[in-house]
Each structure stands twice: as structure tokens, then as C-alpha cells.
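Asks: fold the stuff below for me.
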Amino acid sequence: MSYQNFIKAMELAPKCKFYTTVGGKTEEDIRMSEKMLDIIFSNQCREFYAKCGYLSFYGNEIFGINPNDDSGILEGNSVAYALNDRKEYNLPKE
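Replies: Model (predicted):
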């Protein structure tokens, strides 16, 4: 998605039925997630996490990050999903 389309989508999303976010994530949460995954998020991804943290509308979920969640619940947490899939399917970090 181009950055221009990202901005447009972020403007339109709040107008959708069942729009939900968890609020933005802190820079510390973003850095901790990057460290846990041993990757660097794109600027667009970092902006999404900082503004929304997680987004849902019309039953569509755009997962967020929660590096401090050790509950084992994967739903909605990109960090937990990625770490689980790396272990479960022996995937490389890339």
C-alpha cells in the first residue's frame, strides 16, 4: 500500500461501522517488539502502531503489537503470532 493510500485508509476507517482501536503504542513498545522479532518495522508500520495499536472494523482485524503480553493468546498480537509461527513451522526471521 502506498503511503498516500495508507493516510486515506486511516482517515476512512473511523467512519466504518464497528471501528475499534486500542489506542497508540508507545515508542518503547514498538522498539521492544522490533527487538523481540529481531527486525525493523517500516515507517508506515511504526506509524500505524503509534496511532492505532490495533484496528478492527466490519469484522476485519489489522493486528497490533503487545510485546508485554505473555498470556499465550495469539489473537490480535502480531508479535505473538510471528514468534509462534517461527517456532511452530521452523521459519526464519525473514
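
Asks: contacts, neighbours, all on C-alpha from now
Replies: Fine.

Asks: enumerate the positions of stretch 54-72 that are buried.
Replies: Within stretch 54-72, the residues scored as buried using 16 or more other CA atoms under 10 Å are Tyr54, Leu55, Ser56, Phe57, Ile62, Phe63, Gly64, Ile65, Asn66, Pro67.

Asks: quick one: pLDDT of the nearest residue to the last one once chain neighbours are set aside?
Replies: Yep, that's Pro67 we're talking about. Excluding its sequence neighbours, the residue lying closest to Pro67 (CA to CA, 6 or more residues apart in numbering) is Ser33, at 5.4 Å. The score at Ser33 is 94. That number is its pLDDT.

Asks: from Phe57, how far off is Phe63?
Replies: With distances taken as CA to CA, to the nearest Å, Phe63 is found 12 Å from Phe57.

Asks: meant to ask about Lys35
Replies: 29 Å.

Asks: please report phi then psi for the residue minimising distance to the centre of the chain.
Replies: In the chain, the residue lying closest to the centroid (CA atoms, centre = their mean) is Gly64, at 2.5 Å. As for Gly64, its main-chain torsions (degrees, to the nearest 10) stand at phi -110, psi -160.

Asks: what's it in contact with, if anything?
Replies: Tyr49, Cys52, Gly53, Tyr54, Leu55, Gly76, Asn77, Ser78 (CA atoms under 8 Å, 6 or more residues apart in numbering).
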